[in-house]
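Asker: Quick one, structure for this:
(2 chains)
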Amino acid sequence: DAGVIQSPRHEVTEMGQEVTLRCKPISGHNSLFWYRQTMMRGLELLIYFNNNVPIDDSGMPEDRFSAKMPNASFSTLKIQPSEPRDSAVYFCASIWGQGTEAFFGQGTRLTVV
Amino acid sequence: KQEVTQIPAALSVPEGENLVLNCSFTDSAIYNLQWFRQDPGKGLTSLLLIQSSQREQTSGRLNASLDKSSGRSTLYIAASQPGDSATYLCAVNLSGGYNKLIFGAGTRLAVHP
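Answerer: Model (predicted):
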């Protein structure tokens, strides 16, 4: 398997624009996580899904953030409208079953100017 | 609320030293604890996974221990090398029906020749 795949790797956008980040988990994995990493706050859990269903989105910072998982092989994280303070690296991770090893994608570096 | 703390925040050592990185967590109701390595500008690479029923795991020069009752884990790196320079993160997977990974802030390690 190619691992967790995220796209794009880098995104630069203007304030106010809509941004969509994409994630393809490892095939067969049933838990998917979105994290945001900044120097100030470290790795923050934004939302996680189990069997495509959102379980906990309490980490989503504002209503401008939304996430979907329409099927077992694809998830999106959308920011609309984007703001400069959203600039960060966004990671996606997946886990098979319960209590097994987590695998991370390479991340999307988002810069909002 | 689960809190994960890593000490020290940063460490600089000469090559060849044996190192101990510490991770503590407040809630012992976990599935497992996982140690990751992150190189600058890169994603997270899994190093070791310790299930809650285990005491330690070893991989090469790395050894991780877990004391669930006291809420502590240590990552031991033997005979450190410059290539070990990276940020090391620990994460606990909370038990309770679903996978949920909570991270510490990491220890930034620099090994100089």
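Asker: Could you use CA atoms for every contact and neighbour count after this?
Answerer: OK.
Asker: For A:D1, give me the pLDDT.
Answerer: Looking at A:D1, its pLDDT reads 67.
Asker: ok, the residue nearest to A:A67 when sequence neighbours are not counted to B:A86 distance?
Answerer: In space, and not counting its chain neighbours, A:A67 is closest to A:L77: 4.4 Å by CA to CA, 6 or more residues apart in numbering or on different chains. Going from A:L77 to B:A86 by CA to CA, to the nearest Å gives 28 Å.
Asker: Repeat that for A:E18.
Answerer: With distances taken as CA to CA, A:E18 is found 33 Å from B:A86.
Asker: where does chain B dip in pLDDT?
Answerer: For chain B, no stretch has pLDDT under 70.
Asker: For it, which residues are neighbours of chain A?
Answerer: Residues of chain B that fall close to chain A, judged by CA under 8 Å from any CA of the partner chain: B:31-32, B:34, B:42-46, B:49, B:51, B:93, B:95, B:98-105.
Asker: Next, count neighbours for A:I5.
Answerer: Applying other CA atoms under 10 Å in any protein chain shown, we find 20 residues neighbouring A:I5.
Asker: Also B:A10?
Answerer: Using other CA under 10 Å, B:A10 has 14 other residues around it.
Asker: Is it in contact with B:T107, as I believe?
Answerer: Yes: assessed by CA atoms under 8 Å, B:A10 is found in contact with B:T107 at 5.2 Å.
Asker: picking up where we left off before, helix or strand: which one has the residue nearest to A:A67?
Answerer: For A:L77, the host element (DSSP states H and E) is strand A:74-79.
Asker: quick one: contacts for B:Y88?
Answerer: Residues in contact with B:Y88, defined by CA atoms under 8 Å, 6 or more residues apart in numbering or on different chains, are B:35-38, B:106-109.
Asker: Ignoring the adjacent residues along the chain, who's closest to it?
Answerer: B:R37 (4.6 Å).
Asker: And B:S80, by the same measure?
Answerer: B:G16 (4.8 Å).
Asker: residue contacts, the one you found?
Answerer: Taking CA under 8 Å, 6+ apart as the test, what B:G16 contacts is B:78-81.
Asker: so how far is A:Q80 from it?
Answerer: Taken as CA to CA, the span from B:G16 to A:Q80 is 49 Å.
Asker: Next: B:S69.
Answerer: Taking CA to CA, one finds B:S69 at 44 Å from A:Q80.
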